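A.B. asks: give me the fold of what follows.
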Amino acid sequence: MPEQTVAFIGLGNMGGPMAANLVKAGYSVTGFDPAETARATAVENGITPAGSAPDAVGAADIVFTMLPSAPYVMEVWQDIVPAARPGTLIADCSTIDVATARDIHALAEANGLRSVDAPVSGGVGGAKSGSLTFMLGGAEEAMAAVEPLLAAMGRKTVRCGTAGAGQAAKICNNMILGVSMIAVSEAFVLAEKLGLSHEAFFDIASTSSGQCWSLTTYCPVPGLVPTSPANNDYRPGAPASMLVKDLRLSQAEATRANAATPLGAHATQLYEAFASAGHADEDFSAIVRYLRTLSADGQSNP
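C.D. replies: Numbers count the residues shown, from 1 in each chain. Just a heads-up that it's a prediction; the model follows:
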């Protein structure tokens, strides 16, 4: 049984399964989430409930946060940092902007705590199966200290650099994801119009130069890949609203860095239009259905 005690703040679609995997690995986990359903599921998975986020962290050696956006992360860290014991390690697994990531590192350091930004790739499926990839930013000692726990929740951990580097890696990765899912979806729509079956096109593209994760693991058409939300009427998964958030982060960082990302910019625009058309709560791979409604000039078909 591991000696370290863990607190986990944010027990939703991602945080809940991640915390449950820590319990399976033998860690004692106390958790908090404002949603009653999330708390109830956490209890079923062996997580001890706390009445508030500060209550959860008081006796913890290591704290994880998994929250929807930067304002929530900052708010929660401002609540829990004063409640944590000196030397406690806090790891944020949310996807947020680099500046906020560096701000929360500074907040932790000013209060005598260690910190890591540790965003993840792999989605809800990876959280449930314990196959996530973690991208770490922070001091070497802090990254080394958190890695054994990350091994209970994922298959791969990459030390990306100093404070904020994990978030930088995640933002760049998710820009690729948005672009590649659109490219795969466009190719399927074109293949349909050219008379190719989904099966024939998949068999070719998945074993040739078009091969990518968006095709072979998360294929946007049903019946071809067992892990695809398309098989479940595009229930997320990862909702389009979350990818819109990540793509907007990529464009904000591109502006700050004076980096040209024309495909990233166009992917952001397409996903914003898709979400605004009433699809924000669908899995992001459902954009294939939206693309089918567009004509060659990008306008909606009558």
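A.B. asks: okay, buried residues for stretch 20-36 please.
C.D. replies: 20, 21, 22, 23, 25, 27, 28, 29, 30, 31, 32, 33 (16 or more other C-beta atoms under 10 Å). The way it works is simple: take the backbone N, C-alpha and C, and place the C-beta from them, glycine included.
A.B. asks: mind giving me the domain split of the protein?
C.D. replies: Domain segmentation of the chain under automatic domain parsing yields 5-163, 168-292.
A.B. asks: taking the buried residues of stretch 20-36 one by one, which sit in helices?
C.D. replies: 20, 21, 22, 23 (DSSP state H).
A.B. asks: grab the nearest non-local neighbour of the last one.
C.D. replies: It refers to residue 23. residue 46 (4.1 Å; C-beta to C-beta, 6 or more residues apart in numbering).
A.B. asks: what separation do you get for that neighbour and residue 176?
C.D. replies: From residue 46 across to residue 176, the span is 36 Å (C-beta to C-beta, to the nearest Å).
A.B. asks: got it, and residue 164?
C.D. replies: Applying C-beta to C-beta to residue 164 and residue 176 gives a distance of 19 Å.
A.B. asks: residue 8 now?
C.D. replies: Residue 8 is 28 Å from residue 176, by C-beta to C-beta.
A.B. asks: check residue 118 too.
C.D. replies: Distance, residue 118 to residue 176, using C-beta to C-beta: 19 Å.
A.B. asks: more neighbours, these two?
C.D. replies: Higher neighbour count among residue 118 and residue 176: residue 118, with 32 against 16, using other C-beta atoms under 10 Å.
A.B. asks: residues contacting that one?
C.D. replies: 91, 92, 93, 134, 135, 136, 137, 146, 150, 166 (C-beta atoms under 8 Å, 6 or more residues apart in numbering).
A.B. asks: closest one to residue 158 out of those, please.
C.D. replies: residue 135 (5.6 Å; C-beta to C-beta).
A.B. asks: beyond whichever strand or helix holds the closest one, next helix or strand please.
C.D. replies: Take DSSP states H and E as the rule and residue 135 turns out to sit in strand 132-138. Note on strand 132-138: by DSSP H and E, the next helix or strand toward the C-terminus is helix 140-150.
A.B. asks: and the angle for that next one with strand 132-138?
C.D. replies: 160 degrees (axes from the mean of the first three to the mean of the last three C-alpha atoms, to 10 degrees).
A.B. asks: how far off centre is helix 140-150?
C.D. replies: 19 Å (C-alpha atoms, centre = their mean, to the nearest Å).
A.B. asks: in it, what counts as buried?
C.D. replies: By 16+ other C-beta under 10 Å, the buried positions in helix 140-150 come out as 142, 143, 145, 146, 147, 149, 150.
A.B. asks: dump that helix to CSV, restricted to CA.
C.D. replies: Presented in CSV, the C-alpha positions along helix 140-150 are these (Å, rounded to 0.1, in the frame of the first residue of the first chain):
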residue,chain,number,x,y,z
GLU,A,140,12.8,18.4,-11.8
GLU,A,141,12.3,17.3,-8.2
ALA,A,142,8.6,17.9,-8.3
MET,A,143,8.2,16.1,-11.7
ALA,A,144,10.1,13.1,-10.3
ALA,A,145,8.0,13.0,-7.2
VAL,A,146,4.7,12.9,-9.0
GLU,A,147,5.6,10.4,-11.7
PRO,A,148,4.9,7.2,-9.7
LEU,A,149,1.3,8.4,-9.2
LEU,A,150,1.0,9.3,-12.9
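A.B. asks: so, low pLDDT: which residues of the protein?
C.D. replies: 1, 297-302 (pLDDT under 70).
A.B. asks: quick one, strands of it?
C.D. replies: Assigned by DSSP state E, the chain shows strands spanning 5-9, 28-32, 48-49, 62-65, 89-92, 114-117, 120-121, 132-138, 154-161.
A.B. asks: nearest to residue 55, out of those strands?
C.D. replies: With C-beta to C-beta as the yardstick, what comes closest out of these is strand 28-32 (7.1 Å).
A.B. asks: partners of residue 32 in the sheet?
C.D. replies: Note on residue 32: beta-bridge partners by DSSP bridges are residue 9.
A.B. asks: nice, that's everything, thank you.
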